[in-house]
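need a structure here:
(2 chains)
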Amino acid sequence: MLGRNEEAMQQQVKGRVWLNKLMMAVFFSATLIGLIFLGLLIYRVLTQGIGYLSWDYITSFPAPYPEEAGIWAGLIGSIMLMVIIAVFAVTIGICTAIYLEEYAPKNKLTGFIRVNIQNLAGVPSIVFGLLGLTFFVYMFGIGYRLLAGGLTMALLILPVIVVAAQEAVRSVPNELREASLGMGASKWQTIARIILPAALPGMLTGTIIALSRAIGETAPLIIVGAATAIYTLPDSLISKYTVMPIQIYNWTGRPQEEWQHVAAAGIVVLLIVLMMMNAIAVGIRNKFQKRL
Amino acid sequence: MDKLLRSEGTEFNVQQLIEEKKRKKSIAKRFEKIIPVFLFLCASVSVLTTVGILFTLLRESIGFFSEVNIFQFYTSTNWSPWTGEFGVAPLIGGTLLITLIATFVAVPLGLMAAIFLSEYANDRVRRIIKPVLEILAGIPTVVYGFFALTFVTPILQSFIPDLGIFNALSAGLVVGVMIIPMVASLSEDAMNSVPNSLREGAYGLGATRLEVVMKVVLPAAFSGIVASIVLAISRAIGETMIVTIAAGATPNLTFDPTQSIQSMTAFIVQAATGDTTFGSTIYYSLYAVGITLFVFTLLMNLLSQYISRKFREEY
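Numbering: from 1, shown residues only, chains lettered A, B, ... in the order given. Predicted structure coming up:
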């Protein structure tokens, strides 16, 4: 009687262990699916684009024929746009973070600003495009120009930068603040000379990650009118401009097969720029992590 | 000695130095007071952005609804703005169809990946797989759109012969893959914050790893997981480029995923790239669609925040 019961128990345990192993395999394969998709995507884009990728491709303007088309205008446009975004978003973002972490009193207004930033991060990027269209393009009269695109994108990535900068400021140990204040430094001196330098690597990492998101964004820039065909490089804040994702989008929409290869080559350039930016972010993180 | 003499000999200058010092101090004091004001102004930019978004969407939508009946806008099922038919239902339907397909892809895969990473994988495996998975979230959506159109659709066409070049299925699947890392990463965080004592208690009772996951970790991390899913759905609703490139531009109230559809976001792109004149009804319809989209995503975001705050388990 007892023996049979034991046998049934053992059978049950075996079943449970087996199910555990089975599900582990299932969970693992589910994880792999995402990775396989990523691998396929990169492989496919590389094999399609590599044939069209050349120095000529990088330094050519868009052209009516696929063999002559290039990404130069988009590449330079993206870089110039990034500079504008960085100037506005980083200044405002870091100041916001310092205010919230170091100065803000714990009241309803502060709480509101925090919740607001969180919600702003969840607003679809295309809605920011509509904001930019109304304010920067029409109300401020900038038109479909570089500055309008830059300001729109700066507002879009502001929440990301603020959150990253807040975390960086928060991670500065309190002892440093106390020591500085104890030596007779004022609050601002403490922030400018102690906290900011200590938090800078974290802020830089967050900023680069936010910028690399901006460089891939397409939707808001379509709304605020990045051009699809530009034959001169932007030379001022109010030049017409284009960016790499817009060029790629434009090529994607064409029916002839050759344009797909041109688009794929553009994607390769875009991904290389993204990878470089991420490498810089990781580099900064690693370098300063060791020191602390 | 030398120093002392000099200071005695220049008593007047010392006075002046004291004055100077006082003046500098008062400037510094004023500076200390101005700085927080300046920083506060910077912090108010984000609030102003929200105000700006609301102002923009509301003002232009009101302009739109003075020309088009708001009731008709939300109930009519015909959307052809170039012939003056404004019934937003097909756009909402298209958005929901994409979101639904994406959710079916991302929730199981993301959740299973989170379970694997949090409960099964050892430290080394996790440290390799997690960042690689997160690369998926960093790939520009225009690249996903291109991939959906030129790779996923042709593959699907070999299974489903009457699948169009532009279809909701392919776009939805790829949107789903795009939000996998979001579900996986946030859910994994939620599972990681379940204290080990709970797991060890279950192991002590003889539970297998799977039983610990199903009966202890998942219930304990439930609120965080649901919040992450809601957030990912919100992202799918607002996703633009994949849908614009791969799903087509056919406002179509259908739940057949092999059809071409148009989402709210895709319409905004289409109308903004077409020759829409400033001040025309179509121009204003951008904002009416925009505010509808905004309300959808805002509700989802608030819901996600509410769930993660309200149902947070305290250990």
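
Let's verify B:Gly164: helix, strand, or coil?
What DSSP: H, G, I helix; E, B strand; the rest coil gives for B:Gly164 is coil.

Would stretch A:74-86 count as contacting chain B?
No. Shown here: stretch A:74-86 not in contact with chain B (CB under 8 Å from any CB of the partner chain), separated by at least 10.9 Å. No exception for glycine: its C-beta is placed from N, CA and C like everyone else's.

what's around the residue of the stretch 51-200 of chain A found nearest chain B, how many residues?
When scored by CB to the nearest CB, the stretch 51-200 of chain A has A:Pro124 as its residue closest to chain B, at 2.7 Å. A:Pro124: 25 surrounding residues under other CB atoms under 10 Å in any protein chain shown.

Check it and give its pLDDT.
Predicted confidence (pLDDT) at A:Pro124: the value is 95.

what about the closest residue in space to it that isn't next to it in sequence, neighbour count?
With CB to CB, 6 or more residues apart in numbering or on different chains as the criterion, A:Pro124 has its nearest non-adjacent residue at 2.7 Å, and that residue is B:Gly238. Neighbour count of B:Gly238, defined by other CB under 10 Å: 25.

so B:Gly238 makes contact with B:Ile268?
No. If you go by CB atoms under 8 Å, B:Gly238 and B:Ile268 don't touch, sitting 10.7 Å apart.

Now list whatever residues contact both of those two.
Counting by CB atoms under 8 Å, 6 or more residues apart in numbering or on different chains, the residues touching both B:Gly238 and B:Ile268 are A:Ile126, B:Leu293.

circling back to that earlier point, got phi/psi on the residue of the stretch 51-200 of chain A closest to chain B?
Note on A:Pro124: backbone dihedrals following degrees, to the nearest 10 are phi -60, psi 140.

For it, list the residues it contacts.
Counting by CB under 8 Å, 6+ apart, A:Pro124 makes contact with A:Ala219, B:Ile237, B:Gly238, B:Glu239, B:Thr240, B:Thr265, B:Leu293, B:Phe294, B:Thr297.

Out of those residues, which one has the lowest pLDDT?
Looking at these, model confidence by pLDDT dips furthest at A:Ala219: 91.

From B:Phe294, how far out is the residue nearest to A:Pro124?
Distance, B:Gly238 to B:Phe294, by CB to CB, to the nearest Å: 9 Å.

Now the common contact residues for the two.
A:Val123, A:Pro124, A:Val127.

of those, closest to B:Glu19?
A:Val123 (54.1 Å; CB to CB).

Can you list phi and psi of B:Ser80 for me?
Backbone torsions for B:Ser80, taken as degrees, to the nearest 10, come to phi -140, psi 80.

The residue nearest to the spatial centre of chain B: what secondary structure?
Ranked by distance to the mean C-alpha position of chain B (CA atoms, centre = their mean), the top residue is B:Arg235 at 4.2 Å. Per three-state DSSP, the secondary structure class of B:Arg235 is helix.

picking that back up, check contacts around the residue nearest to A:Pro124.
Listed by CB under 8 Å, 6+ apart, the contact partners of B:Gly238 are A:Val123, A:Pro124, A:Ser125, A:Ile126, A:Val127, B:Thr265, B:Leu293, B:Thr297.

Using a markdown table, lay out these together with secondary structure and distance to B:Pro154.
Listed next are the contacts of B:Gly238 as a markdown table, based on DSSP: H, G, I helix; E, B strand; the rest coil; distance: CB to CB, whole Å:
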| residue | secondary structure | distance to B:Pro154 |
| --- | --- | --- |
| A:Val123 | coil | 34 |
| A:Pro124 | coil | 29 |
| A:Ser125 | helix | 28 |
| A:Ile126 | helix | 28 |
| A:Val127 | helix | 33 |
| B:Thr265 | helix | 24 |
| B:Leu293 | helix | 30 |
| B:Thr297 | helix | 32 |
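
Please save the CA atoms from stretch A:106-119 in PDB.
The C-alpha trace of stretch A:106-119 is given here as PDB (Å, rounded to 0.1, in the frame of the first residue of the first chain):
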ATOM      1  CA  LYS A 106       8.600  68.900  -1.600                       C
ATOM      2  CA  ASN A 107       5.300  70.400  -2.500                       C
ATOM      3  CA  LYS A 108       2.500  69.700  -5.000                       C
ATOM      4  CA  LEU A 109       4.100  71.800  -7.800                       C
ATOM      5  CA  THR A 110       7.200  69.700  -7.700                       C
ATOM      6  CA  GLY A 111       5.200  66.500  -7.600                       C
ATOM      7  CA  PHE A 112       3.300  67.800 -10.600                       C
ATOM      8  CA  ILE A 113       6.500  68.600 -12.600                       C
ATOM      9  CA  ARG A 114       7.800  65.000 -11.900                       C
ATOM     10  CA  VAL A 115       4.500  63.300 -12.900                       C
ATOM     11  CA  ASN A 116       4.400  65.600 -15.900                       C
ATOM     12  CA  ILE A 117       7.800  64.600 -17.100                       C
ATOM     13  CA  GLN A 118       6.900  60.900 -16.700                       C
ATOM     14  CA  ASN A 119       3.800  61.500 -18.800                       C
END
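
Okay, buried residues for that stretch please.
For stretch A:106-119, a neighbour-count test (16 or more other CB atoms under 10 Å in any protein chain shown) marks A:Thr110, A:Ile113, A:Arg114, A:Asn116, A:Ile117, A:Gln118, A:Asn119 as buried.

swap in stretch A:247-262?
Quick answer for stretch A:247-262 (16+ other CB under 10 Å): A:Gln247, A:Ile248, A:Tyr249, A:Asn250, A:Trp251, A:Thr252, A:Trp259, A:Gln260, A:His261, A:Val262.

Tell me which residues are up against that stretch.
Applying CB under 8 Å, 6+ apart, the external contacts of stretch A:247-262 come out as A:48-49, A:51-52, A:62, A:66-67, A:69, A:71, A:73-74, A:218, A:222, A:228-229, A:263, A:266-267, A:270, B:142-143, B:145-146, B:149-150, B:241, B:244-245.

C-terminal to the lowest-mean-pLDDT helix or strand in chain A, what's the next element?
Using mean pLDDT, DSSP states H and E, helix A:55-58 stands out as the lowest-scoring helix or strand of chain A, at a mean of 83. From helix A:55-58 onward toward the C-terminus, using DSSP states H and E, the following helix or strand is helix A:72-98.

packing partners for that next one?
helix A:146-170, helix A:196-216, helix A:244-252, helix A:257-291, helix B:11-65 (3 or more CB pairs under 8 Å, 6 or more residues apart in numbering or on different chains; DSSP states H and E).

ok so, going back, for the shared contacts of B:Gly238 and B:Phe294, please prepare TSV with the additional fields distance to B:Ser308.
Formatted as TSV, these follow (distance: CB to CB, whole Å):
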residue	distance to B:Ser308
A:Val123	18
A:Pro124	20
A:Val127	23
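
What are the phi and psi values at the residue of the stretch 51-200 of chain B found nearest chain A?
Residue nearest to chain A within the stretch 51-200 of chain B (CB to the nearest CB): B:Pro140, separated by 2.9 Å. Note on B:Pro140: its backbone torsions stand at phi -60, psi 140 [degrees, to the nearest 10].

Which pLDDT value goes with the residue nearest to it when sequence neighbours are not counted?
Closest residue to B:Pro140 apart from its sequence neighbours, by CB to CB, 6+ apart: A:Gly216 at 2.9 Å. Reading off the confidence values, A:Gly216 has pLDDT 90.

Number of residues surrounding A:Gly216?
22.

doesn't A:Leu271 make contact with it?
No. At 9.1 Å, A:Gly216 does not count as touching A:Leu271 under the criterion of CB under 8 Å.

what touches both of these two?
By CB under 8 Å, 6+ apart, the residues touching both A:Gly216 and A:Leu271 are B:Ile139, B:Val143.

Show me the shaky parts of the stretch 1-150 of chain A.
A:1-2 (pLDDT under 70).
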